[in-house]
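# build me a model from this:
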Amino acid sequence: MRAGPAAADLLAWYDRHRRVLPWRALAGERADPYRVWASEIMLQQTTIAAVKPYYERFMARFPTVAALAAAPSEEVMQAWAGLGYYSRARNLHACAMAVVANHGGRFPDTEDGLRTLPGIGAYTAGAVAAIAFNRPAAAVDGNVERVMTRLFTIEDLLPGARPLVRERVLALMPHDRPGDFAQGLMDLGATICTPRNPACGLCPWREPCLARIAGTQESFPRKAAKKAGATRYGAAFVLRREDGALLLRTRPPKGLLGGMAEVPTSEWRADYELDGAAQDAPVVTRWRQLAPPVRHVFTHFPLELTVFAATAPAGMQPPPGMRFTAVGRLGEEPFSSVMLKVLETAGAMA
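So this is what the prediction gives:
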């Protein structure tokens, strides 16, 4: 009778092959809950390669949860600029303030306690509880879903299959090294049990893996088909004063790109009519249309912005709710990736 997967095999593999990451404690060291939590928030929907430099700069700027909690929101958003999914930054700041205000600057050490904090869902609570506090908690991300659905040939479609995946993880998890087991699962999915061409010959669970036995590895996990969002269109207005200052505003704190800096734009709609763009301009002046339009893909929809540029007198005052930022201070503004594309098209960051 074929033996099932054993935690000891994964842990032995992890002890030999564990990745060295800026937020990960070395073998034998105790993990810092703040660093674990911050990294998990940053890694949502973002690759390790993209996160590493941001994480290191962020930790240098906000070395403790108290330092992050005390920082102005504008500073936090500026440090996050470029990572995308900006609601994460707002939740990160709110969570740090809650930890300091309600928990004496110490993170709760259980899944239930962590779930009470802003921006911490089931996955992050499980990851922090397991990695930082060595609790037997399941941290089910895309890597773990892939490993477990292949290991047990789970046919249910994701995301509906997640409760079953979680059950399988908890059934395998050892009580003496849950943090290492959680990180081992993540590393296995990231380096061996990859979406395409998994290196099954190097996997510590190659013998009991049901998908490998059947030769169906790449057909797991099963996922429901995604519906593509309709492209949205809009206009962006880059107004520079003769002294080089740029007209900006801050987006509302909630919603897409909340709290980020931008040049004034129209609404972003699937039925936006460019012929009426002048009505959306922040001031009446001679606007010139730049080409080509800026294209950007968000999680739920693609966006196409037509960029208009104009020059204003040096003494011009900004319209209500907007500001002129001196060219030498543009680097301090929390611009999103799509806004950096707009500014590049207009040559406004030169």
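
# switch to C-alpha atoms for all contacts and neighbour counts from now on
Will do.

# alpha carbons of stretch 312-327, as PDB, please.
C-alpha atoms of stretch 312-327 as PDB (Å, rounded to 0.1, in the frame of the first residue of the first chain):
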ATOM      1  CA  ALA A 312       0.000  77.900 -17.100                       C
ATOM      2  CA  PRO A 313       1.400  81.300 -15.900                       C
ATOM      3  CA  ALA A 314       3.900  81.100 -13.100                       C
ATOM      4  CA  GLY A 315       1.600  82.800 -10.600                       C
ATOM      5  CA  MET A 316      -1.500  80.800 -11.300                       C
ATOM      6  CA  GLN A 317      -3.300  79.500  -8.200                       C
ATOM      7  CA  PRO A 318      -4.600  75.900  -8.100                       C
ATOM      8  CA  PRO A 319      -8.400  75.200  -8.400                       C
ATOM      9  CA  PRO A 320     -10.100  74.100  -5.200                       C
ATOM     10  CA  GLY A 321      -9.000  70.700  -3.900                       C
ATOM     11  CA  MET A 322      -5.800  70.700  -6.000                       C
ATOM     12  CA  ARG A 323      -2.300  71.900  -5.500                       C
ATOM     13  CA  PHE A 324       0.800  72.800  -7.500                       C
ATOM     14  CA  THR A 325       3.800  70.700  -6.600                       C
ATOM     15  CA  ALA A 326       7.300  72.100  -7.300                       C
ATOM     16  CA  VAL A 327       9.300  70.000  -9.800                       C
END
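
# buried stuff in it?
By 16 or more other C-alpha atoms under 10 Å, the buried positions in stretch 312-327 come out as 312, 322, 323, 324, 325, 327.

# residues in contact with that stretch?
Residues outside stretch 312-327 that contact it (C-alpha atoms under 8 Å, 6 or more residues apart in numbering): 239-250, 282-283, 349.

# which of the residues you listed sits closest to residue 103?
residue 250 (31.4 Å; C-alpha to C-alpha).

# pull up the per-residue confidence for the closest one.
Note on residue 250: pLDDT of 95.

# that one and residue 257 touch, don't they?
No. Counting by C-alpha atoms under 8 Å, residue 250 does not reach residue 257; the two are 9.6 Å apart.

# quick one: the helices in the stretch 1-150 of the chain?
Under the criterion DSSP state H, counting those that start in this stretch, the stretch 1-150 of the chain contains helices at 7-17, 33-43, 48-61, 65-70, 73-80, 87-103, 111-115, 122-133, 142-151.

# ok now stretch 156-163, how far from the chain's centre?
Relative to the centre of its chain, stretch 156-163 is centred 22 Å away, using C-alpha atoms, centre = their mean, to the nearest Å.

# going forward, the N-terminal residue is numbered 10.
From this message on, residue numbering opens at 10, which makes the last subject stretch 165-172.

# for that stretch, buried residues please.
165, 167, 170, 171.

# in the protein, what secondary structure element scores lowest on mean pLDDT?
One helix or strand of the chain scores below all others by mean pLDDT, DSSP states H and E: helix 82-89, with a mean of 92.

# okay, it in PDB with CA atoms only?
Taking Å, rounded to 0.1, in the frame of the first residue of the first chain, the C-alpha atoms of helix 82-89 are listed here in PDB:
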ATOM      1  CA  SER A  82      -0.500  58.600   5.900                       C
ATOM      2  CA  GLU A  83       1.000  60.600   3.000                       C
ATOM      3  CA  GLU A  84       4.500  59.300   3.900                       C
ATOM      4  CA  VAL A  85       3.200  55.700   4.000                       C
ATOM      5  CA  MET A  86       1.600  56.000   0.600                       C
ATOM      6  CA  GLN A  87       4.700  57.600  -0.900                       C
ATOM      7  CA  ALA A  88       6.800  54.700   0.400                       C
ATOM      8  CA  TRP A  89       4.300  52.300  -1.100                       C
END
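
# and for that helix, what's in contact with it?
So helix 82-89 is contacted by 63, 66-67, 77, 95, 98-99, 102, 268-269, 341-344 (C-alpha under 8 Å, 6+ apart).

# list only those of these flagged as buried.
63, 67, 77, 95, 98, 99, 102, 268, 269, 342, 343, 344.

# nearest to residue 21, of the residues you listed?
residue 63 (31.3 Å).

# quick one: contacts for that closest one?
Residues counted as contacts of residue 63 (C-alpha under 8 Å, 6+ apart) are 88, 89, 92.

# for residue 301, give its distance to residue 55.
Using C-alpha to C-alpha, to the nearest Å, residue 301 is found at 28 Å from residue 55.

# separation between the residue nearest the centre of the chain and residue 253?
With distances taken as C-alpha atoms, centre = their mean, the residue of the chain nearest its centroid is residue 53 (3.8 Å). Using C-alpha to C-alpha, one gets 37 Å for the distance from residue 53 to residue 253.

# all good on my end, thank you.
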